[in-house]
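**Q** need a structure here:
(4 chains)
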Amino acid sequence: MRQLSRIGLRLLLAAFTLLGAATAAFFALRLVPVDPAFVILGAARGDQVDISPEVLAAVRAEYGLNEPLLVQYGMFMGRLLQGDLGMSYVQQVPVTSLIASQVQPTLALAGLGTLLALVLSLSAAILTAGRRLPSGLASVLELTAASTPVFWLGFLLMLIFAVQLRALPMIDDGSLASLILPAVTIALPTAAPLAQVLRQSLEDVLEQPFITTARARGLSIMTVKLRHALRHAAIPYLTMIGFAFGALLGGAAITETLFSRPGLGRLLIMSVSNQDLPVVIGVVLLSTLAFVLVNTLVDIVYTLVDHRLNEKTAATPGEGAAASPDTRTGTGADAEADMRTGTGTDAERSGA
Amino acid sequence: MRITLPRRRLLPAAATTALALVLVSCGGGQSADAGDEPVEGGQLTVALRDEPVQLNPLVDQGSGAHSVRPVVDSLVWDNGDGTYSPWLAESWEVSEDASHYTFHLRDDVTFHDGEHLDAEAVKANFDFVVDPENRSTGSTAKLQPEATVVDEYTLEVQLEAPESSFLTLIAAPYFGILSPRQLQDDPESLADTLIGTGPFVFDEWVRGQSLTYTKNEDYAWGPEGTHGGPAYLDSIRYVFLPEDQTRYNALLTGEADMVDYIPAEYNQEVLDSDEYTSDSFLLPGVGYTLHLNTRQEPFDDVRVRQALLHGLDREGIVASSTFGAYPVQEYLAETTPDFKQDLENTIEFDPDLANQLLDEAGWDERDSEGYRTRDGERLSTEVPFNSENQLDQRTLEQVQIDARELGFEVNLLPVPAAEHSERMYNGDYGILASFQSESTGMQLWRLYGSDNVSDGETIGSNASFLSDPELDELLAQARQSADPEERAGYYGQAQELLPELAPAVPLHSRARTFAAQPYVGGVGWDYAWPQPYLYEAWVNR
Amino acid sequence: MSLLSLRDLRVSFGRGGRETAAVAGIGFDLEPGRCVALVGESGSGKSVTARSLLGLHGPGARVEAGRLDVAGQDARRYSDRQWRPVRGTEIGYILQDALVSLDPLRTIGQELGEAVTATTGLRGPAVRERALELLARARMPEPERRLDEYPAQLSGGLRQRALIASALAGDPGVLIADEPTTALDVSVQKEILELFGELKDTGLGLLLISHDLAVVARLADEILVLRGGEVVESGPAADVLGSPQHAYTRTLLDAVPRFDPAAGGRPVARPRAATGDRTGGDTEAPAHVNGAPGTARGNVGEALPGDDAAGIDRQAGSAGVLAAQVASGPGHGEAPRPDGATERPLLSVEGIEKRFGARPVLRGVGLQLYPGRTLGLVGESGSGKTTLSRIIAGYERPDAGSIRWHGADGSGRADGPGGARSTGGARGTSKVGGSAAPDWQRRGVQFVYQDPLSSFDPRFTIGRTLGEALSLVHGRRPRRERKAEITSWLERVGLDGGLAGRRALTLSGGQRQRVAIARALALQPRLLILDEPVSALDVSVQRQILELLDELQAETGVAYLFVSHDLGVVQRMSDDIAVLRDGELREYGPAGQVLARPADAYTRTLIDAVPRLP
Amino acid sequence: MSAATTLIGETRGPARRRTGVIGAGAITERIILVACLGLLGLFAVFALWPSLLTWQDPFAADRSLILAPPSLTHPLGTDEIGRDVYTRIVYGTRSTLALGVGAVLISLTLGTVAGLLAGLAPRWVSMIVMRGNDIGAAFPELLLAILIIALFGGGPVNAAIAIGIAGIPYYVRVIRAETLKIRRATFIEAAHGLGLSRTTVLVRHLAPNALRPVVVIATLGLGGATLAGAGLSFLGLGTAPPAPEWGSMLSNARSFLGLGWWAAVFPGLALTLFVASTTIVGRRIQKSLEGRR
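**A** Here you go, the predicted model:
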């Protein structure tokens, strides 16, 4: 029951956050001094075009650009609540259908990327935690991966595996094989900080007396890591996954552009350069929705991992929000720092 | 110092004429792989740089026109030398002053949706372009053509003003004839589906990834000089790879059968390579040009404009920024039909003259950084640009370096695209660099004619805001001359005059180079708006 | 055949030139049904030895031994894979800290089941049966219920039983117990020790590790006294305890406050100078009591800093005013001093009630504190002693009841008699920040925490920490003067003046506690609350701190509220003793009377449970 | 006796368990730390006195030497314009660091103020700040930066502002969490217990301690902001040419890998080394703040 009301509260906060984000996006959009009519007429694409006053007037009327700001806001929110994000300025189709057509490739990329990142980080951390040389080597690799721009990493991967070795295709043809290189590109910088965080947490947990107790029962180190330590180290790791997902969405924009793949990221970048703001806002809002949902989900998963969190947080609703529940203020903040910089974290507070 | 790399001579357009329609230019000896005889079947994967933002070619002259040619046919075929061949129109008449056109259509053409091609159908296309609701910004719309059905297969078109290049304009893919049913009943669908009469039928557009066309089995109306019947290929698949390096890699990995827009830096390598079939076509028109804003300081002074024209080492700039791939050009690219071959008033690199002109214009002091000043004000200008195109950026950086030598500060200002258009509209720039390509001297009117200056209500394409009565007169004469030679004469005079007015600094013509795997054959050129023509292409794997 | 035979064990950490030996040459034999005890203070190498016997020495350790036979097998060259069947099956191991030695995310049943499966290979329902059997063997009450509970739901004693049960899962011949009773209340401690005794009687070989000779005394057949990784003395328990040969053993024995109920309270009466040697971990210079500034030997009243005959505190002011109010205050009946003397109390507490949520923590507690005297507050965990001390310090607010300073109502109630001075704008929040506490609480009462480190601003040096307190008394003063005073206070608590530039983090536990005491006393409080001030320290250091407290009380006449679970320490310090249980005052009176003739049954249980040296 | 002892086991690893920043032993770690500090020092010199360590003009181009390989006159080769890559890396340090530092300063200033406010102010103020912050935090960072640039344009200043604004929510959360933690710390209670005034405790003890992690997150954030800047440069939203900046150098040269790898590889290396160094140093500071040696 407690858990249910907690989940309900989180979802409510998530909805509130989304509405706030949409409002912020709308007004930011209207702050721009550029007349959308030019954009709609394709003047933004660099061609020297001839536009007549009649055409301009027709466009302004069609897009409601002559209405007062508040009316436009009302129209925007009203449509948004019905799931309508308006018409693309340049592509002449509804934003929702544009987004719908690009969701699947990004989901595939982000999905495989996340999966790879999880597998890589879990195995790297579990196999090397507490072992000096392997852990040192892995750390150097992780630090390098986390300190290198994503596009550069992708370029090198492309040159090595597609151009030189001809081992993998680089251009999207809808096949799984063509998804591998982009997914690895997106997974490496994501996995690196995840692995660092997990290793640090594992090493911290491995220090705990109950680990020694378990080993004194005759369990192997690997069994102890998997059965005892992993669960404790999971909280900062889960927190990181939440943030990693945000980084992944940013990374998808770069990776999709680099590999010329379809997807929301490329749609976003294209729309930014075409100044197709309804699409930009639509994609950003969708990412925000995904981001908030993932973080809410992560938050719910916490309770499954650690029964103690449920009791602690249920007592203090209102504090902390969907994206930043109080349960994570300690390790979450650290994990976040590491997410941004690609280093491990210290999970002391969550260990015991 | 300039890089002089051995370059393959580009085929002069004039020399190609009818031959070009059947001639498939191939890398030496490579044609053997594809065979000389067309092979039926197979799919051709073509890597393109730009994905259309929307497909409808009638709306604008943007990127859509790069990839719709296989689906749509035009009324006439442009031979690239000022002459035209029949296509959907069997014959046509042009009035003396080039303002009235009569087309006699074929009677055996059907659209992909089964509609029959007749005068009404073509009229629907003209009407669509003229209606402001449809926001057509292309050259055809600018001419406000008024179409009248004479009989089932005869159509008259009256232009608002004479335009001798009208046939070239309507020969381009952005006046590909679309099904009247789609135009009238379902215009919204035009953004992502096309129903034309072409040798290929629209199949699927996966945004961000590919555009697929399949063979039109009933096709029997290829342009004059082609085999006429159905295409050899079963299907064409365009993939869109905007990243230059990625697109080039696709050629190396063999993931694309054909790569269009080989980047300048790899142009020579590709042309020299024995591994690929390749060809290059120098795009006609005004090319890559710096338009100087004549309404603003310092370019309101013709001496300053002339100084920049002569003070920039255009050869050096172009050779280094294009890696020697593209040639320097005058006000028109040499492949433009109206290009004056024996141009007398060519632009000479003369830094002394440039410095002298600047001194005369009063910019004779120097500040601590070595820039010229006048009344304590630095000789300085801004180039807003959209930094996505690396070649543009490199070229501008080279311009900046040369201008500095003259004591002229050129600031590069990366701006988002919308701001770019806003600046264009308001004339808020010192220099606007742009690349314009159309296979006619009429481009000179679009870019330098006073008719096309933005006036607060309209946005015009005359980016230098040049308004010169003498030039205007020459351009008007040219547009009224239905006779190609007469027209070329007027445009030639305009080309002789332009260096004096110096509204712009032309830099390079751009070559459109494609490279294909050796098993690809039969790729031709569409000269109206130069691009590879895939109707007669085949693959022989 | 010995169950375990060890010779010349050497463990060192670090590499190259920086090697430090943690264990240097320990050896013993353990026979079935016998108990060997390793005794020593922190850093003596006893836990490292225990871990080495299971091959669980941590990373970076270099371990050598002349002999290491486990159940007759030479285990010296065992790999981790070879050690595994030894662990749990040959040797059961109970870690030092019972409270955190069970996985908090797993139920007792899961933990036990894991131990059973790992050591016996049992699976399925048999595991549960075996687990119940083990819990029964460990005398776990309600074993069925425990299986589904998480460690956090169990008390310390029950967790220890669960741990013992899990260590017994593989029927090992040897049981190693590292400090098995340290964190436990005395009564529980006694029960656990009795359990070990029973296990020993069933033929188990027991290796007991403790810092506390008294704990060991009950069970050990043989004792090894360790210091710095070396055995300083070893032999049969009776010999080591009865006639220690080595000075260090004697020091250890002396340092343990000898609990002797019959002796009454405070056996060492107000020493006038530092006594006893100061060996062991906390080896600071002796406190310069005689050279300390502003001290006068004499009676208690005179020794109060700045306290004149009229009872007005010239510097702190507030206490004096309160005292004056008391003198004229309306007839508040004063409880007599527990020993019957008629001296006026410094502070009296009446009818304190406190709840946390629905749980009552304190139920009508009343006490008095007298200048220059020490009240020992004793109770097991959960008895409410810390809450009571925090209420007196002003950190928490009572739900009901009053605290009177010299009789004035100090409870913070605006309507209390004479409360105008003492309300201090407090609102009913439980956390009392600066302005919320009445003045007398802010200055006149000071608090010393069990963990002094956490009570210092981590950014501050020792000098700055002390300087801040001093500036509250003296205001801004020239740098040199302030520095001199800081140095003199450091010396007064037996620390070198040079420590002023260090951070608390770099000091030893004893040094930190000295700084905390100095800071508290620098404010010239009338009452010092000491919350378990020595329970985290080694016995030898403990003793030094207690002596220091004695000295300072003699000098300043400050009253102590000494909170502890350790009856030995309390007896050593207290004039009066109050015993709390479940928030109720069970016994209150002069130390001698409470200890020698306890009126309450619970007090008797507590007294009986204290481990004693023979 | 000792002759008879047998080595039972030796576990490799630091004597104190905690492995170093990159998992190396204590001595190796010190070497790495010194190397990183040295590198950062070198970058600092680059940024402050670029002319000290190079003798060429970062804008001077030689059209005869386009994408010339490394040589004595051009130790790291020349770029696609014919400029010296080494000199541009040296001069590019300033704008690269300025972007990172600028972004961090923006996040830091605004994030710290809001974080302290959320941690100390009355509950309703805290609620407002945190709800607003949640909205900001709901945008994935790079996407928020892209959005800001889409709206207000690119260029180095806007890029720094965009990255800075996108980073604020994170700082707010860290500072607030730390403030709440410190508020409950024993030493704060002890400070009140000494009789210090509320303001004194706030100014002298609470705020300074709550702000301690700022040094760490700022250092670590510097690397993240620099990488984000490079990402924006790749997307064509960053620095204006011809100003040298590592991210845009790398991004511009990416198409010429086959023609002149040096033009891309060396700026990329500088970027990676810089980010890795700040990370290692930041983690080191973090550890020492947490009281680990």
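**Q** got the contact list for whichever residue of chain A sits closest to chain B?
**A** The minimum distance from chain A to chain B, using Cβ to the nearest Cβ, falls at residue A:262 (2.7 Å). Any C-beta I mention is one placed from the backbone N, CA and C, and that applies to glycine too. Applying Cβ atoms under 8 Å, 6 or more residues apart in numbering or on different chains to residue A:262 gives the contacts A:102, A:105, A:172, A:256, B:206, B:207, B:208, B:209.
**Q** Run through the residues of the stretch 101-250 of chain D sitting next to chain C.
**A** Neighbours of chain C within the stretch 101-250 of chain D, by Cβ under 8 Å from any Cβ of the partner chain: D:185-187, D:189-198, D:201, D:204-205, D:208-209, D:212.
**Q** which of those residues count as buried?
**A** Applying 16 or more other Cβ atoms under 10 Å in any protein chain shown to these, the neighbour count classes D:185-187, D:189-197, D:201, D:204-205, D:209, D:212 as buried.
**Q** Among these, which are located in helices?
**A** D:186, D:187, D:189, D:190, D:191, D:192, D:193, D:194, D:209, D:212 (DSSP state H).
**Q** how about the residues of the stretch 201-350 of chain A near chain B?
**A** Counting by Cβ under 8 Å from any Cβ, the residues of the stretch 201-350 of chain A that sit close to chain B are A:256-263, A:266-267, A:270, A:272-275.
**Q** Could I have the buried ones of these as PyMOL selection syntax?
**A** Of those, the buried ones can be selected in PyMOL as follows, counting by 16+ other Cβ under 10 Å:
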select buried, chain A and resi 256+257+258+259+260+261+262+263+266+267+270+272+273+274+275
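**Q** Restricted to helices, list the residues of the stretch 201-350 of chain A next to chain B.
**A** Among those, the subset assigned to helices under DSSP H consists of A:256, A:257, A:258, A:266, A:267, A:270, A:272, A:273, A:274.
**Q** Which one of those residues is nearest to chain D?
**A** Nearest member of those to chain D, counting by Cβ to the nearest Cβ, is residue A:272, at 4.2 Å.
**Q** ok, that closest one to residue D:149 distance?
**A** 7 Å (Cβ to Cβ, to the nearest Å).
**Q** thinking again about what came up before, kindly identify which of the buried ones among the residues of the stretch 101-250 of chain D next to chain C also come near chain B.
**A** Applying Cβ under 8 Å from any Cβ, the subset of these adjacent to chain B is empty.
**Q** What sits closest to residue C:92 if chain neighbours are left out?
**A** residue C:167 (3.4 Å; Cβ to Cβ, 6 or more residues apart in numbering or on different chains).
**Q** For the chain, which residues score under the pLDDT cut-off?
**A** No chain in the question, so chain A it is. Within chain A, the stretches with pLDDT under 70 are A:1-3, A:32-34, A:42-50, A:309-352.
**Q** Hmm, no, I was thinking of chain B.
**A** Where chain B drops to pLDDT under 70, the residues are B:1-32, B:62-64, B:387, B:416-418, B:421, B:456.
**Q** Centroid-nearest residue for it?
**A** residue B:437 (2.5 Å; Cα atoms, centre = their mean).
**Q** okay, now the residue in the stretch 301-450 of chain B that chain C sits nearest to: neighbour count?
**A** Nearest residue of the stretch 301-450 of chain B to chain C: residue B:414, at 45.3 Å (Cβ to the nearest Cβ). Neighbour count of residue B:414, defined by other Cβ atoms under 10 Å in any protein chain shown: 25.
**Q** Tell me the residues on chain B that lie near chain D, please.
**A** Residues of chain B lying near chain D by Cβ under 8 Å from any Cβ: B:1-3, B:244-245, B:263, B:265-266, B:316, B:319-321, B:323, B:386-388, B:390, B:393-394, B:396-398, B:400-401, B:404, B:412-416, B:419.
**Q** If any of those residues are buried, put those into a PyMOL selection.
**A** A single PyMOL command selects the buried members of the residues of chain B next to chain D (16+ other Cβ under 10 Å):
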select buried, chain B and resi 244+245+263+265+266+316+319+320+321+323+386+387+388+390+393+394+396+397+398+400+401+404+412+413+414+415+416+419
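**Q** Check the residues of chain B next to chain D one by one and keep those near chain A.
**A** When Cβ under 8 Å from any Cβ is applied, the members of the residues of chain B next to chain D adjacent to chain A are B:245, B:386, B:388, B:416, B:419.
**Q** just these now: which is nearest residue C:200?
**A** Nearest to residue C:200 among those: residue B:245, at 77.2 Å, using Cβ to Cβ.
**Q** Can you classify that closest one as helix, strand or coil?
**A** Three-state assignment for residue B:245 (DSSP: H, G, I helix; E, B strand; the rest coil): helix.
**Q** Does the closest residue to residue A:53 other than its chain neighbours lie in a helix or a strand, and which?
**A** Nearest residue to residue A:53, sequence neighbours excluded (Cβ to Cβ, 6+ apart): residue B:457, at 4.2 Å. Under the criterion DSSP states H and E, no helix or strand holds residue B:457.
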